[in-house]
Structures are given as C-alpha cells and as structure tokens.
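> predicted structure and sequence below. I'll ask about it afterward.
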Amino acid sequence: MTKLEAVQQIVSRCGKFRPSELETDGTSDASEAERILDEEGRDLMSKGWHVAEEFDDELTPDGSGHVALPDGVLTIDTHGSSMHRNVTQRGRRLYDLDNRTYVFTDTTLVVRYVLWIDFACLPEPIQRYAMLLAASRYCVEHGVENNSFRDRLQQRIDTDLIIAKRAAVKFNENAGDVNILDTYEAQNIRGVRVEVDGRAW
C-alpha cells in the first residue's frame, strides 16, 4: 500500500472524496489525513514492533566521549553485555543517568533501539493497522457533519480496526521468532544469572 492509497482510504472511509494526490503540509482533507497517518504511525512504531527494532547494535563514543544516536531512533536502551548501564536518550545523544553526564568512557555500548520506519516500508498488516488507526482518529476530528452517518462510518472503521490489530499482532509474533523466555522484557524480570563457586545466583 502506498501512502497515497492509505490517505485515500482514510478520507473515503470517513465519507469524503478520495484525493488524487498527496498534499503534504497543506490544509486539505488529504493533508490532514497524511499528518494523522504520520503521527499514528510514529506512535505505533514507538511501541517496539519487531519490524522497527534493532538488537545488539554497538555504539562507539566519539573523541569527546559522546554517543550519537542513529538516525530515526524513537527509543533506545542498553542491551546484552551493556544491560547494566543506566542510560537514556536526550536530544540526539545518549545520556549516562548514573553519572549524570553525556561523556562515556566505555569502548562500545551494546544497545537495543526502535526506529521510525517510513510507511511505504512497513509490512502490509502493520500498514493496514496504522491506516485504520489514522482513519478512526480522522473520522472523529474531520469526518462528515451528519452525526448519525459519521457514527455508522466510525463503527465500521472500529470493527475493521479490531481485525487489523489482531492480524498485525499475529504477524509481529510470527516475524519475531523469539522464545518468550528470551525476550528483553523477560530478561529484565529474571535478572542476570551469575555463577559463583558452582552455584547460580
């Protein structure tokens, strides 16, 4: 699905005429639909879908000890062998929360991050979910003035949205190929096992 096709669906599902082209940064129905699609897509990606995640990437501090973030990073945290480091994103750099500084003395930091993925590059199940999220919001903010007609359109969108969410979640689970016990979240709950004198702690 192209972005134009998504915008056309958003607008038409809300009872308005399908645009023939995008009007980025304009004031038309197509422009508002595109803006909402971008916002909903960004919010969706920030939740950590498999297609937008990068694991075990190594970041190296520059000559000043600063760690610049890759382009398009939405969220980031240390991972794997660097999991014990308490960091956060501030601006376009990594910040050391424990030592309250942007300066890192580590040779490298292993990180896990979530990227902003352009709509055209998303798999179809996630595209459809993002499009319907945007359509639901667009219908509320910019739908037709006839309340009963708008309510019927909204109900149809919301029904399709439930189905699309299930399909997107199933696709995400299949694409991940990860044992639930080996996920980042499970590792945080379990903690790191250390063996001392033959005993695991």
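Arrived safely.
> where do the strands sit along this structure?
Listed in chain order, the strands found in the chain under DSSP state E are 53-59, 73-78, 87-90, 93-96, 109-115, 195-196, 199-200.
> using a markdown table, lay out those together with mean neighbour count and distance to K3.
Just so you know, the C-beta spots here come from the backbone N, C-alpha and C atoms, and that holds for glycine as well. Listed next are those as a markdown table, based on neighbours: other Cβ atoms under 10 Å; distance: least, Cβ to Cβ, whole Å:
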| stretch | mean neighbour count | distance to K3 |
| --- | --- | --- |
| strand 53-59 | 14 | 22 |
| strand 73-78 | 18 | 19 |
| strand 87-90 | 14 | 27 |
| strand 93-96 | 19 | 31 |
| strand 109-115 | 20 | 18 |
| strand 195-196 | 8 | 52 |
| strand 199-200 | 7 | 51 |
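> which one of these lies nearest to F17?
strand 73-78 (33.7 Å; Cβ to Cβ).
> which other helices and strands does the closest one contact?
helix 29-46, strand 87-90, strand 109-115 (3 or more Cβ pairs under 8 Å, 6 or more residues apart in numbering; DSSP states H and E).
> E54 pairs with what?
Bridge pairing for E54 (DSSP bridges) gives the partners Y113.
> show me the residue sitting in the middle of this protein in space.
M45 (1.0 Å; Cα atoms, centre = their mean).
> which non-adjacent residue is nearest that residue?
In space, not counting the residues next to it along the chain, M45 is nearest to A52; the distance is 4.6 Å by Cβ to Cβ, 6 or more residues apart in numbering.
> can you verify my assumption that the one you found contacts D118?
No. Counting by Cβ atoms under 8 Å, A52 sits too far from D118 to count as a contact (10.8 Å).
> got a list of what L109 touches?
With Cβ atoms under 8 Å, 6 or more residues apart in numbering as the criterion, the residues that contact L109 are 58-61, 67, 78, 82, 85, 87, 94.
> kindly provide the distance from the nearest residue to V140 once chain neighbours are set aside to D56.
Closest residue in space to V140, ignoring its immediate chain neighbours: Q154 at 7.2 Å, by Cβ to Cβ, 6+ apart. When Cβ to Cβ, to the nearest Å is the yardstick, Q154 and D56 sit 43 Å from each other.
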